Structure formats: C-alpha cells, structure tokens
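Asks: just to be clear, the model below is a prediction. Sequence and coordinates:
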Amino acid sequence: MNLNPIILSIPIYFILIGFELLVQHFQQENHYRLNDAITNISCGITDQVVHVFMKLFTITIYQWVFQNFAIFSIPHHWLAYILLFIACDFCYYWAHRKSHEINLFWIGHVVHHQSEEYNLSVALRQGALQVVFTFFFFLPLAFAGFDTVSFVLMNGLVTIYQFWIHTESIGKMGWFEKIFNTPSHHRVHHGRDPKYIDKNHAGVFIIWDKMFGTFQEEEEHPTYGITTPVNTWNPLKSHISPIRNLFISASKVKGLDKLLVLLKPPGWMPEYAGGFQKPKPVDVKIFKKFDTGANKNLGIYILFQYVILIAGTAMFLFLHEKFNLILHFLGAIAIIHGIVNFGLLFENKRWAFYSEIVRLLLLPFVISFFTSGILYSKELFFMTGGVSLISIGVFWAVLRKRAVQN
C-alpha cells in the first residue's frame with residue numbers, strides 16, 4: 001500500500017473542500033465553479049498518476065545518492081526530523097522560485113497557476129512534469145545524510161501544509177504571517193497582476209522570501225490566472241499547451257538564442273524578436289474569466305461520474321504497487337481518458353459525447369480487470385454494469401433535454 005502522506009491525505013482534502021464550500025455559503029460568497037474545480041482536481045489526478053512512473057526515476061536517484069555519497073549518518077531523532085522539515089522547505093523555496101524564473105522549468109509549474117479562481121481545489125492543481133525539473137534541488141539532503149523514507153515523509157508534510165493556504169475564506173493572520181506562509185501571502189503568489197508576479201515562493205516559512213527579496217504584501221485583491229490564459233477545461237491540454245508555446249517561442253529565434261529562450265525567464269525574447277514581453281496591468285473592468293456556459297443537468301451528471309472516477313483513482317494509487325507495468329499503463333490511460341472526457345464535455349465537444357458512451361460501456365470490464373485477484377467478485381461486475389447502464393440512460397436523457405433547450 002502507498003504510504004505517501006500526500007496520498008493518505010486525499011480524503012482530508014475533499015472534507016476540507018466541502019467545509020470551505022459550507023463556510024462560503026454562510027459568508028454569502030462563492031469562489032467555486034464546477035468546471036474549474038473539476039479541471040483543477042483532474043490536473044492533480046494527472047500529476048499523481050504520472051508520478052506513479054516518475055517516482056521510479058526520482059526516488060531511485062535520491063536513494064542512490066544517499067547510499068553512495070551521504071556525508072553523515074543522521075540518526076532518527078525528533079530534532080533531526082525538525083531540521084529535515086526546515087531543510088525541505090528551504091529546498092522547496094529555491095525549486096519553486098526557479099520554476100518561475102526559468103522558462104523550461106515554468107512549463108512544469110505553470111499548470112498550478114492556470115485557474116482563474118482561488119480555492120482549495122486549486123491546491124490540487126499540479127503539473128505532472130514539475131518533478132522532472134525540481135527533484136534535483138532536494139538531492140543535497142541525500143548528500144547530507146537524510147534517508148529516503150524520512151525525506152519522503154517530511155517533504156510530503158511540506159506539501160500538505162500548502163493545501164490550506166489556497167483559500168479566500170481566511171484573511172490576514174497577524175503575527176503568524178510574519179513567519180509562516182498564509183492564505184494572504186499565497187493569494188499574492190497566484191496573482192497575475194505585475195506587482196504580484198514571481199513573489200512569495202515559500203512553502204511553509206515566508207521568511208525565505210523576506211530573506212531573499214521576493215516578498216510582497218497583499219494589497220489590492222489579486223486577479224488570478226496566468227498572463228496568457230490556457231482557456232480549456234481539458235487537463236491534458238493544460239499540460240501540453242505550455243510546452244507547445246515554448247517551442248513556438250524557440251522557433252522564432254536563431255542559433256544559441258533558442259537555448260536562451262529555455263533558460264531565461266518567461267517572456268524573454270532577444271531584441272530582434274521583440275524583446276522582453278512585460279506582463280501588462282489587468283483592467284478588472286474588462287477582464288473576463290474563461291467560461292463555456294454551464295448546463296445544470298450535464299454538470300450534475302459529470303459530478304456524479306467524477307465521484308466514481310475519483311474513487312477508482314484512489315484505489316489505483318493505493319494499490320498500484322500490486323500491479324505490473326502493463327497494468328500501470330492501462331490504469332493510467334483509463335483514468336486520463338475519463339478526466340479528459342469530462343473536460344471536453346464541459347467544452348461541449350461533439351465527439352466527447354460519443355466517447356463518454358464508450359467509456360461507460362467499458363467501465364465494468366475495466367474495474368473487473370483491475371480488481372481481479374484483489375477485490376474481484378461477480379457481484380461487483382454486475383453492480384458496476386448496472387451503474388453503467390443506468391448512467392448511459394441518464395446521459396442520453398440529459399443530451400435529449402439539452403438538445404430541446406437549444
């Protein structure tokens with residue numbers, strides 16, 4: 001079973017999202033849109049599914065460095081864990097900061113900033129490729145002698161801390177935010193306003209930003225998102241678009257400047273290609289968030305199906321160590337097909353409606369295939385088959401009603 005604290009915290013994440021929705025209801029505020037929230041979570045699912053493969057690469061390298069090059073032998077002691085937690089956060093600051101300051105690294109992190117809302121679901125919106133560009137920032141901890149299990153635990157706690165700071169429901173926090181990262185500090189980080197861009201990179205301790213000159217107090221309310229909006233509910237496109245845009249930028253320059261485009265900050269171009277593209281101030285009077293319209297019945301259908309998919313994804317993440325490589329790939333494809341399909345349904349893509357029928361027909365066979373030898377039973381197959389048939393009927397009714405309304 002996967003003992004990664006991030007995976008174990010999944011139920012808590014959704015409980016807190018529900019609590020935030022309840023708080024906002026009583027505050028008579030609403031910072032959620034269903035299509036945006038589901039896309040945020042879908043990007044997080046993509047990250048976790050891909051991480052199943054990536055950790056074989058990243059954790060293996062950390063363990064290799066620790067076994068062969070560790071300078072000290074650090075004992076398991078509560079003081080060592082506190083030191084490691086602080087060290088993980090320090091390394092995270094630099095990994096995060098460079099993810100904003102180097103174009104190549106930015107394509108791994110930009111996914112986290114694409115949402116134009118700010119709520120707890122945004123915390124789950126993570127870039128699947130980010131670990132490729134940031135894991136080596138943590139290797140000094142292996143050289144220092146912090147073992148792999150302790151590192152995974154403490155680094156996971158640094159990540160978990162950052163979940164609660166993605167909210168509009170908590171204001172300023174007085175003395176606490178002089179030392180720690182808070183919702184107010186992190187709202188700044190997610191702002192696309194020029195004064196807020198590339199500020200407040202801290203994970204847990206805001207003191208790093210104050211020490212290294214990247215701190216910015218929250219003043220005007222931020223406008224969330226990125227300077228060039230991705231404008232999609234498709235989590236796969238959310239990951240691919242930044243890569244495509246970077247290659248387009250590189251294709252416009254010559255020689256070694258192509259390399260500089262990768263290594264310079266986002267927006268950099270040589271003078272002959274237009275020079276540095278400074279972020280423009282946001283005119284809140286004309287700014288409009290990306291939206292494709294909302295069909296209530298279709299939204300309810302997608303939400304119901306999404307809950308089923310999340311349950312299946314959680315099972316995949318908890319039990320994936322029992323699967324061979326082929327099952328890993330098939331499971332990843334099945335999950336990503338589902339979340340992409342939901343995003344395209346929100347965008348009213350015609351072929352996505354046919355793809356959804358196919359997904360529902362395959363669902364009982366997919367579940368039976370992955371639970372064989374673990375939880376499989378005929379009752380489970382017939383139950384999931386019944387759910388699929390009922391879902392097809394409901395989906396068809398939703399489409400007919402939608403066609404009549406249009």
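Replies: Yep, it's here. Predicted, not measured: the structure shown is a model, and the values here were computed from it.

Asks: how about the residue nearest to the spatial centre of the chain, nearest residue that isn't a chain neighbour?
Replies: With distances taken as Cα atoms, centre = their mean, residue 126 lies nearest the centre of the chain, 1.7 Å away. Spatial nearest neighbour of residue 126, excluding adjacent residues (Cβ to Cβ, 6 or more residues apart in numbering): residue 47 at 4.1 Å. Quick note: C-beta positions are derived from backbone N, CA and C, even for glycine.

Asks: so the one you found sits against residue 112, correct?
Replies: No. Applying Cβ atoms under 8 Å as the test, residue 47 and residue 112 come out as separate, 9.3 Å apart.

Asks: now for these two: what residues contact both?
Replies: The contact sets of residue 47 and residue 112 overlap at 126-127, 130 (Cβ atoms under 8 Å, 6 or more residues apart in numbering).

Asks: of the residues you listed, which is the nearest to residue 390?
Replies: Ranked by distance to residue 390 (Cβ to Cβ), the shared contacts of residue 47 and residue 112 are led by residue 126 at 33.1 Å.

Asks: what segments of the stretch 101-250 of the chain are helices?
Replies: 103-109, 120-123, 130-134, 139-144, 148-161, 183-189, 207-212, 235-251 (DSSP state H, counting those that start in this stretch).

Asks: list the buried residues of the last one.
Replies: Judged by neighbour count using 16 or more other Cβ atoms under 10 Å, the buried positions of helix 235-251 are 235-239, 241-242, 245-246, 249.

Asks: what does that helix rub up against?
Replies: Helix 235-251 has contacts (Cβ under 8 Å, 6+ apart) with 39, 42-43, 45-46, 103-104, 106-107, 110-111, 114, 127-129, 228, 230, 232, 258, 261-262, 269, 336, 339-340, 343.

Asks: now do the shortest one
Replies: Identification of contacts with helix 120-123 by Cβ under 8 Å, 6+ apart yields 13, 16-17, 20, 32, 36-37, 40-41, 112, 115, 162-167, 190.

Asks: mind doing that once more with 7 Å?
Replies: 16-17, 20, 37, 40-41, 115, 162-163, 166-167 (Cβ atoms under 7 Å, 6 or more residues apart in numbering).

Asks: with only the CA atoms kept, save that helix in PDB.
Replies: What follows is helix 120-123 as a C-alpha-only set of coordinates in PDB (Å, rounded to 0.1, in the frame of the first residue of the first chain):
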ATOM      1  CA  LEU A 120      -8.800  24.700  -2.100                       C
ATOM      2  CA  SER A 121      -9.300  22.800  -5.300                       C
ATOM      3  CA  VAL A 122      -6.500  25.000  -6.800                       C
ATOM      4  CA  ALA A 123      -4.100  23.400  -4.300                       C
END
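
Asks: report the rounded mean pLDDT for that helix.
Replies: Helix 120-123 shows a mean pLDDT of 97.

Asks: picking that back up, of the contacts of helix 120-123 - the most surrounded one?
Replies: Greatest neighbour count in the contacts of helix 120-123, by other Cβ atoms under 10 Å, goes to residue 40: 28 neighbours.

Asks: please determine how far that residue is located from residue 158.
Replies: To residue 158, residue 40 is 20 Å away according to Cβ to Cβ, to the nearest Å.
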